[in-house]
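Engineer: Generate a structure from the sequence data that follows.
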Amino acid sequence: MNGENQNKFINNPTNNLSGLKTDGRGTLKNFKYVIQKPGGKKNKNTFEAYNAQEVRNFFTSEGYQVLEVKLVQGLNISIGGPRKLKAAELAFILTQLSTYLRAGIPLIDSVRIIAKQSTDKSRKKIFERVVYDLLTGESFSNALTRQSKVFPRLLVHMIKTAELTGDLPAVLDDMADYYTSADQTRRRMIGAMTYPTVIFFFAIIVVSFILMYVVPQFISLFADQGATLPLTTRLVIGASQFLKNNSIWIVIAILILFIIYKILFNNVRGFKKGMQTFYMSLPVISKIIIYNEITIFTKTFASLINHGVQITDSMEVLSNLTDNEVYKTIIQNTLNNLSKGSRISTAFENHWAFPVIAYEMLVTGENTGKLGLMMDKVADYFSLLHKNVVEQIKSLVEPTLIALLAVAAGVIILSIIQPMFGIYNTVM
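Structural biologist: This next block holds a predicted model:
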C-alpha cells in the first residue's frame, strides 16, 4: 500500500478532511462500527470522527467492508480511559516502526501494519486513530499528542524533533533503547522487592494467626492453674486479646489511613514533597530512589540534548517526566536560573539530592560543550550503582525478614512454654 490511499481518502468529496485543524466542523464524536475483514471475520469497536461517513471512508480505505456505523448516543463514558503503553510495549513498537521505515515503507503504511498486527482491541484502536490522523494530514507528533494519555510526552517531543531533523528512524531506535532500559530497571526493582514483600506479609499472617487462634487456647489453661505469668507472657496475651477483639477495626483503620495517604500524596504537593524527602532520607531506601532518579534524569537529558532539543525545552520535558517533587523543584530552579542567564549547573550545586559526581560531570559537560556525552556517562554510572544497590538490598532484606519472623514466632512460643514449665514443676 502507498500514498494513493491517503489521497483517495482526503480527496473524497463526501469526506472533506483537508483543513481538519481550521475548518470548524465541530468536535469529534464517538461512533460504534462493525467491519468485516477480507477473510470474513467481523470486528466491532468504537472510533472517534467528525461524522459517520468519515468512519466509513477510513475503514474502506483500510481494506475493510463496513457493515454498520452508528453514533453513540448520550454520554460517552469510557471507564479508565485508554491504557497507557508500557515501556516494554513502546520499545517493541518503536523497533518495529524503525525497521519498517528503514525498509522504505511509508510512515502511514508502517503504522497501518502495526495496527493490523495488533491482537489487543485497545491497542489496535490506538494505532487506527494514529493512521486516521496521518491520513487527514496531521504530523506524526501531532497524531501522538492527540493521545497524550497513551504516549509519553518525552516520546512525542523526540519525534517532533526528529521531524525537524529528518532522521526519524534513528530517533525511534534511540527511544526504543531508552524504554528497554527503563523496563529493565522497573523489572529489576520488582524482582528485588517481590520476595521480601511476600515474606513480610507471610510473617504478618503467621504471627497474627498464632496470636488470634493459638495463644487463646492457653489463656484458660494458665487461669485454671493459677500460674504466675512472666512479663513476656502477659505482653503476648495482651497483644492476643487486643488483636482478637479489634481485628476488624485495625483493618478498617489501616485502609482509611492508606486512602487518606494516597489522596494527600496525589493531590497535595507539599505533602507529597515532604514524604518523598523523608523516603530519600532513609539510610538504604535513599540510595535506591536517588540513583534511579539520577539515571532517568541524565539519560533523558542526554537523549534530548543529543538530538538538538533546546536546554529550556529539555528541562520542561524533564519536569513533566519526573514524579519526584524534589527534582521538579531543582529543574524549576534551573529554568529560573537560565532565564537570568545563569549556568545549568547552578541549581544542582551542593544539593543533597544530586550527588557530587553527577554535578562535577554536569559542570564538565558545560565547560567542554559535550553535555550530552557527559550525561550519557553519568546515566551509565548511576544505572550500574542502582543495579548493585538493589542486589545488595535484596541479599540483605530476605534473610533479615526471615530472621525477624523466626524471632517473633520464637518469642511467642517461649512466652507460652515458660509458664507451662512452671505449672509442671508445681504439679511435680
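Engineer: so how far is the helix or strand Arg187 falls within from its chain's centroid?
Structural biologist: Per DSSP states H and E, Arg187 falls inside helix 168-209. Taking C-alpha atoms, centre = their mean, to the nearest Å, one finds the center of helix 168-209 at 10 Å from the center of the full chain.
Engineer: what's around the closest residue to Leu373 other than its chain neighbours, how many residues?
Structural biologist: Excluding its sequence neighbours, the residue lying closest to Leu373 (C-beta to C-beta, 6 or more residues apart in numbering) is Gly365, at 7.0 Å. C-beta: built from backbone N, CA, C; applies to glycine. Neighbours of Gly365 under the rule other C-beta atoms under 10 Å: 24.
Engineer: ok, Gly365 - contacts?
Structural biologist: Contact analysis of Gly365 by C-beta atoms under 8 Å, 6 or more residues apart in numbering lists Leu371, Gly372, Leu373, Met374, Met375.
Engineer: That one: what secondary structure?
Structural biologist: Following DSSP: H, G, I helix; E, B strand; the rest coil, Gly365 is assigned to helix.
Engineer: how close does the residue nearest the centre of the chain get to Ile108?
Structural biologist: For the chain, the residue nearest the mean C-alpha position is Lys86 (7.3 Å; C-alpha atoms, centre = their mean). From Lys86 across to Ile108, the span is 25 Å (C-beta to C-beta, to the nearest Å).
Engineer: Ok, Gln53 next?
Structural biologist: Gln53 is 20 Å from Ile108, by C-beta to C-beta.
Engineer: got the phi/psi numbers for Gly308?
Structural biologist: Here is the backbone geometry of Gly308 (degrees, to the nearest 10): phi 80, psi 10.
Engineer: same thing with Val66?
Structural biologist: According to degrees, to the nearest 10, Val66 has phi -90, psi 120.
Engineer: these two touch, right, it and Phe58?
Structural biologist: No: Val66 sits out of contact with Phe58 when judged by C-beta atoms under 8 Å, with a separation of 9.0 Å.
Engineer: Spell out the secondary structure type for Asn30.
Structural biologist: Reduced to three states by three-state DSSP, Asn30 is strand.
Engineer: Enumerate every residue touching it.
Structural biologist: Thr46, Phe47, Glu48, Leu71, Val72, Asn76.
Engineer: And these, which is closest to Leu255?
Structural biologist: Among the contacts of Asn30, Asn76 lies closest to Leu255 (C-beta to C-beta), at 32.8 Å.
Engineer: Which pLDDT value does the model give the closest one?
Structural biologist: What the model reports as pLDDT for Asn76 is 51.
Engineer: cool, and Ile79?
Structural biologist: 46.
Engineer: same check, this time on Asn7
Structural biologist: For Asn7, the pLDDT comes out at 48.
Engineer: just the one 10 residues further on next, same as before
Structural biologist: As predicted, Leu17 sits at a pLDDT of 41.
Engineer: ok, now Thr197?
Structural biologist: With respect to pLDDT, Thr197 scores 82.
Engineer: Against Glu391, how distant is it?
Structural biologist: According to C-beta to C-beta, Thr197 stands 17 Å off from Glu391.
Engineer: thinking again about what came up before, what residues does the closest residue to the residue nearest to the centre of the chain other than its chain neighbours make contact with?
Structural biologist: The shortest distance from Lys86 to any non-neighbouring residue, by C-beta to C-beta, 6+ apart, is to Asp183 (7.3 Å). Residues in contact with Asp183 (C-beta under 8 Å, 6+ apart) are Lys86, Ala87, Ala88, Ala91.
Engineer: tell me the pLDDT at Asp183?
Structural biologist: 88.
Engineer: For stretch 59-68, what does the pLDDT average out to?
Structural biologist: On average, the pLDDT along stretch 59-68 is 85.
Engineer: buried set for that stretch?
Structural biologist: Neighbour counts over stretch 59-68 (16 or more other C-beta atoms under 10 Å) mark Phe59, Thr60, Ser61, Glu62, Tyr64, Val66 as buried.
Engineer: Same question for stretch 330-338.
Structural biologist: Buried-residue list, stretch 330-338, by 16+ other C-beta under 10 Å: Ile330, Ile331, Asn333, Thr334, Leu335, Asn337, Leu338.
Engineer: Leaving out sequence neighbours, find the closest residue to the third one.
Structural biologist: So the one you mean is Asn333. Counting by C-beta to C-beta, 6+ apart, the residue nearest Asn333 is Ala347, at 3.9 Å.
Engineer: got the contact list for that neighbour?
Structural biologist: Ile330, Ile331, Asn333, Thr334, Asn336, Asn337.
Engineer: got the phi/psi numbers for it?
Structural biologist: With angles defined as degrees, to the nearest 10, Ala347 sits at phi -70, psi -20.
Engineer: Could you check how far it is from Ile330?
Structural biologist: 5 Å.
Engineer: Assumed Glu163 was part of a strand.
Structural biologist: No: when three-state DSSP is applied, Glu163 is found to be helix, with no strand at that position.
Engineer: ok, longest helix in this structure?
Structural biologist: helix 371-427 (DSSP state H).
Engineer: which residues of the stretch 51-200 of the chain fall in helices?
Structural biologist: Using DSSP state H, counting those that start in this stretch, the helices of the stretch 51-200 of the chain run over residues 52-61, 87-102, 107-117, 121-135, 140-145, 153-165, 168-209.
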